[in-house]
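Asks: need a structure here:
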Amino acid sequence: MAGEWHIHEWGEIASLEYGKSLRDYRSESGLYRVFGTNGPVGWHDVPLCQHPGVIVGRKGAYRGIHYSKQPFFVIDTAFYLEPKQTMDLRWAYYCLLTYDINGMDSGSAIPSTSREAFYRLPVRVPPLKEQQAIACILGALDDKIELNRQMNRTLEEMARAIFKSWFVDFDPVRAKAAGRRPPGLKPEIAALFPDSFEDSELGKIPRGWSSIPLYDTASFINGAAFKGSDFCPPGEGFPVIKIAELKDGISSQTKWSPREAAPNQFINTGDLLYSWSGSPDTSLDAFLWTNNDGLLNQHIFKVVTPNIAQKRFVYYLLKILKPVLIEIARNKQTTGLGHVTVADMKRLKVCSPSKTILYKFDSLIGSFFDRAFACLIENTTLAALRDTLLPKLISGELRVPDAERIAGRIL
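Replies: Purely as a prediction, here's the structure:
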């Protein structure tokens, strides 16, 4: 089938259409996704593109390629792809992922994708049925990844609901203090909670619990500082884990280093990490590491706890506190970056429950946490397979039947 592929320039088979300026799109209401240069940014009631399609970043230092299964709106920081001939647009999306869009600057003061440079890019176009088969294989992997993400959102919402009820709103204690049985709790669990409050730096907290700095809930160990001479060719030494790796895993852009670091600056599968520096809205968060051993870069804490129950507690605590920590970072934001420092974490007080309650919480949410982590691990495997198959399928090096057999072993 390789002989049936035809070589074109992108400008012959598609055009890049400009997005439009839009107000009031940063909400959770609306029928259609709104995309910007880096992906989804909100919702709107009317689509700009009337069919599923591809979004190409137009402005900014990082400009991504995105796909929408539904009609969508594009703001003026991005383009959308409009085909000039019949093609599978999900195939076009995967094909475009093999190009360096960020290298096609127009030369303006703000990094911008050049439509002229894009239109001159060569592209090998397979027959429509093969486009559809390629998109089906890669799409099945991405669909499974998204299904796992949806599962994890549900699991996290369930665990966070319990965490908030017990450790933020103190619902069981409030019920007992009012002479009522805590709703939804078995009697043996309800009996573990106190029936009154006491004063603390946080205000009223359950009697017998304590108010402690966030910094004292675990050991927060900062990563190492790396300079250019510390790096080596990929595959030698260890990958250096920065914020990009926390979000997207190990990639071709990941730096590697053979240098030695303190033992506690090495990370392993399952380690809890907290990114404390970067763009407040997109970088500050808690992560569970799902890849193999790596070297932790500065601006990320390795969060070490004495046991798994405390680790799970601190993970959900950091998730609950995310808006607070983001606001702390935003108040010190300079040149787009914000920071949550050790001093901030020492000033921020949190409620620490009794060990009995902590372990009971862990017994209830442990299965949620473990199932979510298993989904994260599976997604790492699925993404690695997708990233291996994608360039080979797009180039024609790997044929569809062979890719189907490989993907079928995992799906």
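Asks: please, where are all the helices along the stretch 201-350 of the chain?
Replies: For the stretch 201-350 of the chain, the helices defined by DSSP state H, counting those that start in this stretch cover 243-248, 280-283, 308-320, 322-330, 342-347.
Asks: just name the most buried of the ones you listed.
Replies: A comparison of the helices of the stretch 201-350 of the chain by mean neighbour count, using mean count of other CB atoms under 10 Å, puts helix 308-320 on top with a mean of 20. All C-beta spots, glycine's among them, are computed from the backbone N, C-alpha and C.
Asks: so how far is that one off the chain centroid?
Replies: 18 Å (CA atoms, centre = their mean, to the nearest Å).
Asks: C-alpha coordinates for that helix, PDB please?
Replies: What follows is helix 308-320, C-alpha atoms only, in PDB (Å, rounded to 0.1, in the frame of the first residue of the first chain):
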ATOM      1  CA  ILE A 308       1.300   5.100  53.200                       C
ATOM      2  CA  ALA A 309      -1.700   6.400  55.300                       C
ATOM      3  CA  GLN A 310       0.100   9.700  55.800                       C
ATOM      4  CA  LYS A 311       1.100   9.800  52.200                       C
ATOM      5  CA  ARG A 312      -2.500   9.500  51.000                       C
ATOM      6  CA  PHE A 313      -3.600  12.100  53.500                       C
ATOM      7  CA  VAL A 314      -1.000  14.600  52.400                       C
ATOM      8  CA  TYR A 315      -1.800  13.900  48.700                       C
ATOM      9  CA  TYR A 316      -5.500  14.800  49.200                       C
ATOM     10  CA  LEU A 317      -4.600  17.700  51.500                       C
ATOM     11  CA  LEU A 318      -2.400  19.300  48.800                       C
ATOM     12  CA  LYS A 319      -5.300  18.800  46.300                       C
ATOM     13  CA  ILE A 320      -7.800  20.400  48.700                       C
END
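Asks: which one of the helices of the stretch 201-350 of the chain lies nearest to A178?
Replies: Closest to A178 of these is helix 308-320 (CB to CB; 24.2 Å).
Asks: show residues contacting the closest one.
Replies: Applying CB atoms under 8 Å, 6 or more residues apart in numbering, the contact partners of helix 308-320 are 156, 159-160, 163-164, 167-168, 214, 217-218, 272, 274, 285-286, 288, 303, 305, 325, 350, 358-359, 361-362, 365-366, 369.
Asks: again, only using 6 Å
Replies: 159-160, 163, 217-218, 272, 274, 286, 305, 358-359, 362, 369 (CB atoms under 6 Å, 6 or more residues apart in numbering).
Asks: repeat for stretch 354-361
Replies: Residues from elsewhere that reach stretch 354-361, judged by CB under 6 Å, 6+ apart: L192, G208, A309, F313.
Asks: of these, which pair is most distant in space?
Replies: Pairwise over those, using CB to CB, the maximum falls at G208 and A309, 17.8 Å.
Asks: which residues belonging to stretch 348-366 are considered buried?
Replies: The neighbour-count check on stretch 348-366 (16 or more other CB atoms under 10 Å) flags 349-354, 357-362, 365 as buried.
Asks: reformat the contacts of helix 308-320 as TSV; add pLDDT and distance to L296.
Replies: Shown next, in TSV, are the contacts of helix 308-320 (pLDDT from 0 to 100; distance: CB to CB, whole Å):
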residue	pLDDT	distance to L296
A159	97	26
R160	96	26
F163	98	26
T217	98	19
A218	98	15
L272	98	12
Y274	97	11
A286	97	14
T305	97	16
L358	98	27
Y359	98	29
D362	97	26
F369	97	22
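Asks: follow-up on the earlier one: any chance of the helices of the stretch 201-350 of the chain in TSV, plus distance to S15 and mean pLDDT?
Replies: What follows is these, written out as TSV (distance: least, CB to CB, whole Å; pLDDT from 0 to 100):
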stretch	distance to S15	mean pLDDT
helix 243-248	29	90
helix 280-283	30	83
helix 308-320	43	98
helix 322-330	39	94
helix 342-347	49	96
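Asks: is it possible to export the ones you listed to a markdown table including distance to D293?
Replies: As requested, the helices of the stretch 201-350 of the chain are arranged in a markdown table below (distance: least, CB to CB, whole Å):
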| stretch | distance to D293 |
| --- | --- |
| helix 243-248 | 12 |
| helix 280-283 | 23 |
| helix 308-320 | 19 |
| helix 322-330 | 27 |
| helix 342-347 | 26 |
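Asks: closest one to S257 among those?
Replies: Closest to S257 of these, according to CB to CB: helix 243-248, at 12.8 Å.
Asks: pull the CA atoms of the closest one into PDB?
Replies: Presented in PDB, the C-alpha positions along helix 243-248 are these (Å, rounded to 0.1, in the frame of the first residue of the first chain):
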ATOM      1  CA  ILE A 243       7.400  20.300  35.500                       C
ATOM      2  CA  ALA A 244       7.000  19.200  31.900                       C
ATOM      3  CA  GLU A 245       7.800  15.600  32.800                       C
ATOM      4  CA  LEU A 246       5.300  15.700  35.700                       C
ATOM      5  CA  LYS A 247       2.600  16.600  33.200                       C
ATOM      6  CA  ASP A 248       3.600  14.700  30.100                       C
END
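Asks: contact partners for the closest residue to G338 other than its chain neighbours?
Replies: Residue nearest to G338 in three dimensions, not counting chain neighbours: A329, with 3.1 Å by CB to CB, 6 or more residues apart in numbering. By CB under 6 Å, 6+ apart, A329 lies in contact with P280, L284, G338, H339, V340.
Asks: of those, keep whichever come out buried.
Replies: With burial judged by 16+ other CB under 10 Å, the buried subset of these is P280, L284, G338, H339, V340.
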